[in-house]
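K.L.:
My questions concern the predicted model and sequence given below.
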Amino acid sequence: MAKLQRSGKQKVYLLLAIAAALGTAFSTAQSVGGNVRIAVNQRPPSLDWQFTTLESVRRVAIHVYENLLTVDEEGQVIPQLAEDFSVSDDGLTYTFTLRQGVPFHDGSVMTAEDVKSSLDRWLELGARRAELAVVEEVVVVDDHTVQLRLSAALPALPNVLAYPMAPPAIMPAAVAEGAAGGEVEVVGTGPYSLDSWVPDEYVRLVRFADYAADERFDGPTGFGGKRTAYFEVVELALVEEPGARVAGLRTGELDGAIAISPPNGRALANEASLRMVERPQAGKAWTMFNHAKWPSNDVRFRQAVLAALDLQRVMAIAGDGSFSTDSGLMFAGNAYFSTVGEDVYNQPDPERARELLAEMGYAGEEIVYVVPSDSAPSVKAGIEVEQQLEAVGINVRLDQYDFGTALGVRGDEDAWNLFQSSLVVEPTADPLPYASFFDSTRRWGFYGDEQMDVYARSLNMQATFEERFAALESMQRYMWETVAFLPLGNYGEYIGYQASIQSDLDLGFAIPRMWNTWRD
Amino acid sequence: MFRYVLARAVQMLPLLAVISFLSFVLIHLVPGDPAVIMAGMQAPDSVIEQVRQEMGLDRPFHTQVLDWYQALVIRGDLGRSYFFHAPVTQALAERLPFTLTLAALSMLVATIVGVTLGSIAASAAGTFLDRAILVMSLVGIAMPGFWVGLVMMFYFAVDLGWFPTGGYTPPIEGVVPWLRSLALPVFSLALLESALITRMTRASLLDVLGEDYIRTAHAKGVGHRRVLTRHGLRNSLIPIITIVGTSFGNMIGGAVIIEMVFSLPGIGRLVTMAILSRDYPLIQGTMLVIGIIYVVVNLIVDVLYVAVDPRISYA
């Protein structure tokens, strides 16, 4: 499997190189100017990318900040602000040389001191700091070189640094030092700088005229490469009401809008002035079990739930017709996608479910199933799952709450058995978050399993793709064997743009990327 | 009168204290944690615990309550919003004028439409026109605000292109763009209340039109329109003013929905976001301000009674 994935990946690389070259050739004809207004559905609680894992923050941050390393279109690690890096033979010292002459939005030029301060801040209060707990210190070697000294080898360190969720974004030392979590002044080296932010209205970014494009690349890729800002102003407008996003696209008041439901997306696809891009893998509908409470802490109950469910039907309803089903932890198309577990995934067998329930002594006790009401796919999946579980004799009480309340309930180990969620792991990204979710120290759904710990922890101890892929497959296999978690399948949604919006990049990408994008 | 107003203002204080205390208790009783919402559900517990400490949420509940009242009474400080990264007073000051404008304009439209239709229905009682107005007002009461807003948006903004689909243009950028940006929200919000005012005006006016002095006026040869406006409508104003006052409060509630539908920067949308993200200081501040609006509007209604009915006196 790994070999097949590799060969596919190489083909994609070749295509990307051609696409990037063509994109560059076309983009030279583009001129700077104009504004673009994209409607988003969630308000970022902060613009501190180091501090919060939310996608709403990432949408803004990818335009403003850059990191030492980032990911390309396929999720592979590429350098961004690092010129290069090397690792010592004992694996305990990573040395990063930095690109020179890279200006921050405040006019200062990036030095090793800025990088050290940014990394130190992240190690102190970054949302993912636990992943680099082995870093003992960050040392400035000279103006353009920093070292990370580790207490134990961590071969996946480059992947951790590059992963685009709450990464150690680089900011000026003067900004990083002493800035409380969530309160940092937004200054980066990205192609756009922050102009203004009204939390319940919009985030407005302006083109950074002195942006130092990464000339090592022919064009943009993933969150890095050679990025060029064409739009003078990028506005991410908060429009929570789905109907208002549709209306704004139709009247042309919005240049783009995310999170368009499949029925609306299909209807708008008939309008010549719009380009509707279907994202059939917008997220994974994901059912969590409470591992601290009977009967969901019994593997036979979890297996019974899996056997009770016709996941094809659940996902067709959850995704409003835009869906796919597979046993992968990663999305199909990702280099780390694996079908391990397909022998148990979506094999509905209600009789087997009843046998398992009888064997464990389940006698119709109430099962509390918490569903966040703010997410349409979660609600639809939840209602269908509830009905299918009732059909095999599981007595389900479905409780719908707003997301904040649902998270509060989930924190109480006596209050629930099943929790419906959705998981968005970037299509470009690494399986890294799963190593964290599944680790027993995380207590995700009060889960803890020594064997899973071995698999999860081994992921970050592997450096090569093949080794990491094998580690992921071990995790995935064990998850399905024990039904530790239940990824139901993938639901889709649409992103819409005016047809006049052109880009060198894939406009159907999970997050709107407004560099190398222009109005025709 | 002045003493009456002053006394009522003083009476407001314990009421507002109760409102703010209840909102404090209720929102803390609901499960949910602003630290999780800030750090994201993918953040580990240790990070969330640190955020909780930074927000001061690890302090005992009674300490949080006392600190909040202390800051309010001593410094007039409503605290700092977790998610706006600004003082609550600033967030409210920026959004309150919008919501008051929206509510006032909606009230104006609802009153003009409601009193006019109600008067027509009363003077044509029992006719087809009367029944048609009654049915229209019933439909108006039955339709949910968010649905009316969306239907209006799709018809008047998308299909006809007369108005923007959402967003707010301040008057400084031109009166016409300002009115265009407010038109659909105002009419969406006014619809329900105009239906209520229509029904109340009709009922109240019909009561008055059956009085002896109306018959006398007719007998003296006064014209029908003059009898209706000078004698009828004026004497039926008390219940109408009451319902208009209540409606203003409802408008603030309705603004919660309409501001979300049309992406408008008012306190309705502010309080929704505050509640969904458990922004406790912002919830407290907004509830207090909404409470003050209700109480002040009630006071104004009471004062207006005196203006329209000389028999009423608070002296």
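P.N.:
Arrived safely. Residues are numbered from 1 along each chain as shown, chains lettered A, B, ... in the order given.
K.L.:
What about the nearest residue to A:Ser273 once chain neighbours are set aside, how many residues nearby?
P.N.:
Among residues not flanking A:Ser273 along the chain, A:Ala499 sits closest, at 5.6 Å (Cβ to Cβ, 6 or more residues apart in numbering or on different chains). Where C-beta positions appear, they are placed from N, C-alpha and C, glycine not excepted. Other residues near A:Ala499 come to 12 when the count uses other Cβ atoms under 10 Å in any protein chain shown.
K.L.:
give me phi/psi at A:Ile78?
P.N.:
phi -130, psi 150 (degrees, to the nearest 10).
K.L.:
now A:Gly492
P.N.:
Per degrees, to the nearest 10, the backbone of A:Gly492 is at phi -110, psi 170.
K.L.:
again, but for A:Ile260
P.N.:
Dihedral angles (degrees, to the nearest 10) for A:Ile260: phi -90, psi 130.
K.L.:
what sits against it?
P.N.:
Residues near A:Ile260 by Cβ atoms under 8 Å, 6 or more residues apart in numbering or on different chains: A:242, A:245-246, A:249, A:268, A:276, A:493-496.
K.L.:
That one bridge partners, please.
P.N.:
A:Tyr494 (DSSP bridges).
K.L.:
contacting residues for whatever residue of the stretch 351-500 of chain A ends up closest to chain B?
P.N.:
Going by Cβ to the nearest Cβ, chain B is nearest to A:Gly408 of the stretch 351-500 of chain A, at 2.8 Å. By Cβ under 8 Å, 6+ apart, the contact set of A:Gly408 is B:30-33, B:36.
K.L.:
That one and B:Asp33: what is the separation?
P.N.:
6 Å (Cβ to Cβ, to the nearest Å).
K.L.:
Same check on A:Leu407?
P.N.:
Where B:Asp33 is concerned, A:Leu407 sits at a distance of 7 Å (Cβ to Cβ).
K.L.:
Those two: which has the busier surroundings?
P.N.:
Using other Cβ under 10 Å as the criterion, A:Leu407 and B:Asp33 rank with A:Leu407 on top: 22 against 19.
K.L.:
Mind telling me what element that one is part of?
P.N.:
helix A:403-410 (DSSP states H and E).
K.L.:
Mind listing residues that contact the next helix or strand after that helix?
P.N.:
Next along the chain after helix A:403-410, taking DSSP H and E as the criterion, comes strand A:418-423. Contacts of strand A:418-423 from elsewhere in the structure, counted by Cβ under 8 Å, 6+ apart, are A:283-290, A:296, A:305, A:367-372, A:375, A:377-378, A:381-382, A:385, A:396, A:406, A:410, A:445, A:487, A:491, B:41.
K.L.:
low pLDDT regions in the chain?
P.N.:
Going with chain A. Applying pLDDT under 70 to chain A flags residues A:1-29, A:425-428.
K.L.:
other chain: chain B
P.N.:
For chain B, the ranges with pLDDT under 70 are B:314-315.
K.L.:
Does the most centrally placed residue in it lie in a helix or a strand, and which?
P.N.:
By Cα atoms, centre = their mean, chain B has its centre lying nearest to B:Ile252, at 2.1 Å. Element membership for B:Ile252 (DSSP H and E) is helix B:237-261.
K.L.:
same for that helix, what does it pack against?
P.N.:
helix B:88-123, helix B:145-152, helix B:175-209, helix B:267-276, helix B:280-308 (3 or more Cβ pairs under 8 Å, 6 or more residues apart in numbering or on different chains; DSSP states H and E).
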